[in-house]
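In: pasting a predicted model and its sequence here:
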Amino acid sequence: MNNHNDALNRFMRYESAINRRFQDGIPTEFNSELKLLFSENTDGYSFYRNKLYYELKRIKNEHHLIDDFHKLISTTKKLYPEKFKYLFNKISNDELLDEYDVSRFNMIEICDELKTLEKITQQSCFLYQSIYEINTLYIVLGSISELRKNGNINFTLDNLRDRAGHLKKGTTIDYIASRISDLPHLFNSFTKTFHSKLRNTIGHNSYVRKDQEICSRDGQTKVSRNEFIEALYNFQEMDNALINALSSEGLLDSCSELAKCGLLAIAFAGRHNKKVLVVFQLWCFYDLRKDQPWLKEVTFKLSSEDVETTLGASLNQKGKNSKTLRCWFKELNEQDPLKVEIITIPVTPVYQSGDEVLTLDAGKFKELESQKTKSVGYQIERAL
């Protein structure tokens, strides 16, 4: 298994632990920068999880489904900005997502009890039945796609319910499929998940199970094990992409604040006969605001034992003082007593063998070529 697959598996193990509400603790191997971000800024933590997952899928050329979800949202938002804002607030604030969280947790527990997918079991059929009954995906896709197509807000999908108020699943699936046909990867995953043969057998509890296929009671419909596994896989991929898209959209208004997150480390360095401060920042935060409006000053607090560096309001790093550092500060003050040059270098986690590795306290990273240089004011405070 290559380093990239290792990275993706490590990430998915961490996400699974979150979905299990850390009942079994934190995985022994995970991206340790996540822990740093969680303690610093929970929105930054969510933003980075979204970007990291997308990047890992992009490297494997498996990002197109996420792109389609984002395209569905962005085109709807562009066509009907005020209506979309109202609808998105309904989706975000309704108990719908709370129900989804409970349903997903139940599915995870069912998955934990599955002993094999080498054959079709009643437990795996029950898993598909549980997927089929979750309304959240229907309501989110149905309401957004209807707004995009016809400009109508139909959050409750009343026209797709029976007299008892329950969604008519087959009708709803056809309704959604007809509105997302121009998004090929989403359409493909959606129709494979809610395969007509599957939904008319397992979905209606009208089937005879065999190890390698499922048959309808009358024998007219057969679903192979491969089709069945493909449906489960595509649902999981849609589930991940939906969460990624909704979470990313919900964080858009926070971008100016998020731009100062993800600062992992600093280095006291020299470049072109000048003393400079080098800052390593996670690439996705760096890309938000390359003009760095948040970076206005830096404060160094010196004692005989330690050096504490505060960069804006975002990074507070403490390390041991040394003769080398004392010389660095002396030369900085001689070159310019008012300003210090800060070089910000974006970094990504190491995904692939052959990457040149930068080892920081938060883990192993790769420097990207893009960087930003900015001169800011500094203060030196000396502890008594």
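Out: Looks like it arrived, so ask away.
In: how near is the most centrally placed residue in the chain to Cys284?
Out: Closest residue to the average C-alpha location of the chain: Asn50 at 1.7 Å, with C-alpha atoms, centre = their mean. Asn50 is 9 Å from Cys284, where distance means C-beta to C-beta, to the nearest Å. All C-beta spots, glycine's among them, are computed from the backbone N, C-alpha and C.
In: in the stretch 151-300 of the chain, where is pLDDT below threshold?
Out: Applying pLDDT under 70 to the stretch 151-300 of the chain flags the ranges 203.
In: apply 80 and report the result again.
Out: Counting by pLDDT under 80, the stretch 151-300 of the chain has low-confidence residues at 196-206, 211.
In: helices or strands up against the helix or strand hosting Arg58?
Out: In the assignment (DSSP states H and E), Arg58 maps to helix 42-59. Counting contacts by 3 or more C-beta pairs under 8 Å, 6 or more residues apart in numbering; DSSP states H and E, helix 42-59 packs against helix 3-19, helix 33-40, helix 225-250, helix 255-258, helix 283-286.
In: just give me how far the fourth one sits from the chain centre.
Out: Just to be clear, that refers to helix 255-258. Mean C-alpha position of helix 255-258 versus that of the full chain (C-alpha atoms, centre = their mean, to the nearest Å) differs by 16 Å.
In: before we move on, what about the second one?
Out: If you compare the mean C-alpha spot of helix 33-40 with that of the full chain, they lie 14 Å apart, counting by C-alpha atoms, centre = their mean.
In: now do it against helix 42-59, angle only.
Out: Angle, helix 33-40 to helix 42-59, by axes from the mean of the first three to the mean of the last three C-alpha atoms, to 10 degrees: 160 degrees.
In: identify all contacting residues around helix 33-40.
Out: Outside of helix 33-40, the residues within contact range by C-beta atoms under 8 Å, 6 or more residues apart in numbering are 14, 44-45, 48-49, 261-262, 264, 282, 314, 349, 362-363.
In: which one of the residues you listed has the most neighbours?
Out: Within the contacts of helix 33-40, most neighbours by other C-beta atoms under 10 Å means Gly262, with 29 neighbours.
In: that residue is in contact with Lys51, isn't it?
Out: No: the criterion here is C-beta atoms under 8 Å, and Gly262 misses it with Lys51 at 9.6 Å.
In: quickly list what's touching both of the two.
Out: Residues touching both Gly262 and Lys51 by C-beta under 8 Å, 6+ apart: Cys284.
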